[in-house]
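> model this:
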Amino acid sequence: GELGNLKNAGVYVEVPEDSLPSWNPTRKRASELVDTMWVLKVKYNELLQRVKLKARCIVRGDQETAVDAKAGRPPAETFAPTVRHSTVKLLMASGVVRSAQANAAPVRQRSFDITAAFLQGKPPQDRIRYVLPPPGCQSYDRRGIRIVWQLIGNVYGTTTAPRVWNQSLHEFLTSPRDPALDKLSVDEIMKLEKVTGGLGLTQSDYDPCYYYTQYDAHQRLDLAMYVDDGWVTDNAGVHADRDLALLNRRFGLTVVEHPTHFLNMNVHQVSPTKMKLTSEAYIVSMADRYVPNWRERGPVPMPSTDKLMPAYERALLREHDIDPKLVKTYGGKVGALVYTSPCVRSDACAT
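Residues are numbered from 1 along each chain as shown. Below you'll find the predicted structure:
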């Protein structure tokens, strides 16, 4: 199924390996090939319940730099921005504040996920990438020459994939809109063969992944993008629905009307004027990873400061060798705890 998705998306064309510029007839190999691999993933919901099993074919992007160096090419441009957690929280807060205003129009807080985002867009034209099909899918022609893929579209795993996707999305979000589309209903938009123009949104000067538009004096839409995950706050009714339909028709997306999580944050929409964010699911998953039996254990009291600091200072004075595995595990625990801070305040991550 995954390989069919790649072919239908126009990601690659099949070519014999001996057609590559670096083909060596003596060794019967081309040196510019990059490997692919299968990545298997289990997806969970906000309650850590398994909801989907996924298999994805990705390119070994870690091999691309060496291939380019052999060909005398500089590394490709790879930077792609992501929205700040503080920006997302600001959009949520603004929606709550506007809902609390007298005679305010209903403010909706929604999230969405772009389908196969990294299969959208075209790769850089300054270099052609050839890759081996993934294990179990390799084939040969009548002469016994391997069939390889020439990438003609964007694909997961390449070093440029996030940048190509970000540029493709940015172009559509900011391109001038076709006024004729504003007369169509959501159902009519979804039946269009092709979407012309863009959404005409304005990009923020302070966060490159925050976009907004003001439909009139009272109706507006705010959009934040973290790679292929989006958060929308709006009070614009059919105007916002039409723009999401255009985005759906252009890229394909799944809209969640009452989101319960976003960017590893648990989102609790208590009421239109109250929202609660925690990192409960993330913290529980980290506890399951690092303290597997924590559910069976009683509460562990936190040491008081007067005991903790002397213990820490004594530990620093120890001169015996430290087990490298313990050092690695400790670093993982610290990193897991630090990650909660950008999501929500460290003193409010979870009760």
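> Show me the shaky parts of the protein.
For the chain, applying pLDDT under 70 flags the ranges 1-2, 4, 46, 302-304, 341-351.
> if we go to 80?
Across the chain, the ranges flagged by pLDDT under 80 are 1-9, 45-48, 102, 104, 299-305, 319-320, 337-351.
> any idea where the helices of it begin and end?
With DSSP state H as the definition, the chain shows helices at residue ranges 2-8, 64-70, 85-100, 161-174, 186-190, 238-251, 280-290, 305-317, 324-343.
> Which one of these lies nearest to residue 39?
Of all the helices of the chain, it is helix 2-8 that lies closest to residue 39, at 10.0 Å by C-beta to C-beta. Heads up, the C-betas are built off the backbone N, CA and C, glycines and all.
> Export the closest one to CSV, keeping only CA atoms.
C-alpha atoms of helix 2-8 as CSV (Å, rounded to 0.1, in the frame of the first residue of the first chain):
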residue,chain,number,x,y,z
GLU,A,2,2.8,2.4,0.9
LEU,A,3,4.6,1.8,-2.4
GLY,A,4,1.4,2.4,-4.3
ASN,A,5,1.0,5.7,-2.5
LEU,A,6,4.5,6.7,-3.5
LYS,A,7,3.9,5.9,-7.2
ASN,A,8,0.4,7.5,-7.3
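> Go ahead and name everything in contact with that helix.
Contact with helix 2-8 is made by 12, 55-57, 116, 119, 133-134, 137, 155, as judged by C-beta atoms under 8 Å, 6 or more residues apart in numbering.
> TSV for the helices of the chain, including distance to residue 222?
As requested, these are arranged in TSV below (distance: least, C-beta to C-beta, whole Å):
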stretch	distance to residue 222
helix 2-8	32
helix 64-70	36
helix 85-100	5
helix 161-174	12
helix 186-190	20
helix 238-251	10
helix 280-290	25
helix 305-317	42
helix 324-343	19
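> before we move on, the earlier item: go through the contacts of helix 2-8 and say which is closest to residue 281.
Where the contacts of helix 2-8 are concerned, and distances follow C-beta to C-beta, residue 281 has its nearest neighbour in residue 56, at 22.9 Å.
> Please verify my assumption that the closest one contacts residue 39.
Yes. In this structure, residue 56 is within contact of residue 39 by C-beta atoms under 8 Å, at 4.9 Å.
> more neighbours, the two?
Legend: neighbour count by other C-beta atoms under 10 Å for residue 56 and residue 39, higher for residue 56 (18 against 13).
> picking up where we left off before, could you name every residue contacting both of residue 56 and residue 39?
By C-beta under 8 Å, 6+ apart, no residue touches both residue 56 and residue 39.
> coming back round to it: among the contacts of helix 2-8, which one is most surrounded by other residues?
Tallying neighbours with other C-beta under 10 Å puts residue 155 at the head of the contacts of helix 2-8, with 27 neighbours.
> Skipping its backbone neighbours, what lies nearest that residue in space?
Among residues not flanking residue 155 along the chain, residue 11 sits closest, at 5.0 Å (C-beta to C-beta, 6 or more residues apart in numbering).
> One more: residue 258?
Once flanking residues are discounted, residue 258 sits nearest to residue 269: 6.4 Å by C-beta to C-beta, 6+ apart.
> Who does the one you found form a beta bridge with?
In this structure, residue 269 has beta-bridge partners residue 275, where bridges are defined by DSSP bridges.
> pretty sure it is touching residue 109, no?
Yes. With contacts counted by C-beta under 8 Å, residue 269 reaches residue 109, the gap being 6.4 Å.
> neighbour-wise, which of these two wins?
Relative neighbour count places residue 109 above the other of residue 269 and residue 109, with 22 against 15, counting by other C-beta under 10 Å.
> contacting residues for that one?
Remark: with contacts taken as C-beta under 8 Å, 6+ apart, residue 109 is in contact with 92, 95, 231-233, 259, 269, 275.
> Against residue 284, how distant is the residue nearest the centre of the chain?
The chain has residue 227 as the residue nearest its centroid, 4.0 Å off, counting by C-alpha atoms, centre = their mean. Spatial separation of residue 227 from residue 284 under the definition C-beta to C-beta, to the nearest Å is 24 Å.
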